[in-house]
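Novice: Sharing a model that was predicted from the sequence below.
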Amino acid sequence: MNDVVFRNMELSYIDDVYLIEKLSFASPWQRESFYCELTTNKCALYRVAVKDGIVIAYGGMWIMLDEAHITNIAVHPEYRGIGVGNMLIEDMINCCRERGVHSITLEVRQSNIPAINLYKKYNFKEVAVRKKYYTDNNEDAIIMWKYDI
């Protein structure tokens, strides 16, 4: 997969990212949410994975001082299972290192075993549970942290 390029998300990528978002989540963010993240949130950093000119994955995070909070990560269904998620996590961790971030947190649905296993592969640790965090079905969220990056 050395033909995948990672870059900062630009406004021109919003439609592609929004499509991936809708294909990936039961309660997707609205298109306007991504627009606001890029135009008004000074803490936001969004990355896209581009292959042959097409956005195939994206990840977003908020960087606050020396911590980052991953807000969302998704891979287009046609590109899952071939390592794009791994590459995206590595890219996001490297972006954090470059910015002096020391720890990263995220929430993940307790039923999303593939995502949990991906995060564990990169030494994210389960540290707590947010009960009934997801409003679409009241599913709990597992809070994970990666320290000393």
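Specialist: Cool, the structure landed.
Novice: which residues touch T135?
Specialist: By CB atoms under 8 Å, 6 or more residues apart in numbering, the residues touching T135 are S27. C-beta here means a position set from N, CA and C on the backbone, and glycine is covered the same way.
Novice: Next, the residues that contact the longest helix seen in the chain from outside, please.
Specialist: Across the chain, the longest stretch assigned as helix under DSSP state H is helix 84-98. Residues outside helix 84-98 that contact it (CB under 8 Å, 6+ apart) are 1, 4, 6, 45, 47, 49, 56-59, 61, 63, 68, 70, 73, 75, 104, 118-119, 121-122, 146, 149.
Novice: Now whichever helix or strand comes after that helix: buried residues?
Specialist: Note on helix 84-98: by DSSP states H and E, the next helix or strand toward the C-terminus is strand 103-109. If you call a residue buried by 16 or more other CB atoms under 10 Å, then strand 103-109 has these buried ones: I104, T105, L106, E107, V108, R109.
Novice: repeat for stretch 52-63
Specialist: Buried residues in stretch 52-63, defined by neighbour count with 16+ other CB under 10 Å: V55, I56, A57, Y58, G59, G60, M61, W62, I63.
Novice: what would those look like in CSV with distance to Q30 and pLDDT?
Specialist: Below are these laid out as CSV (distance: CB to CB, whole Å; pLDDT from 0 to 100):
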residue, distance to Q30, pLDDT
V55, 18, 97
I56, 21, 98
A57, 19, 98
Y58, 15, 98
G59, 18, 98
G60, 14, 98
M61, 19, 98
W62, 18, 98
I63, 23, 98
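Novice: now, which of these lie within strands?
Specialist: V55, I56, A57, Y58, G59, G60, M61, W62, I63 (DSSP state E).
Novice: Serialize the residues you listed to TSV and add fields for distance to D140.
Specialist: What follows is these, written out as TSV (distance: CB to CB, whole Å):
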residue	distance to D140
V55	30
I56	30
A57	26
Y58	25
G59	22
G60	22
M61	22
W62	22
I63	26
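Novice: L118: how many residues sit nearby?
Specialist: 17 (other CB atoms under 10 Å).
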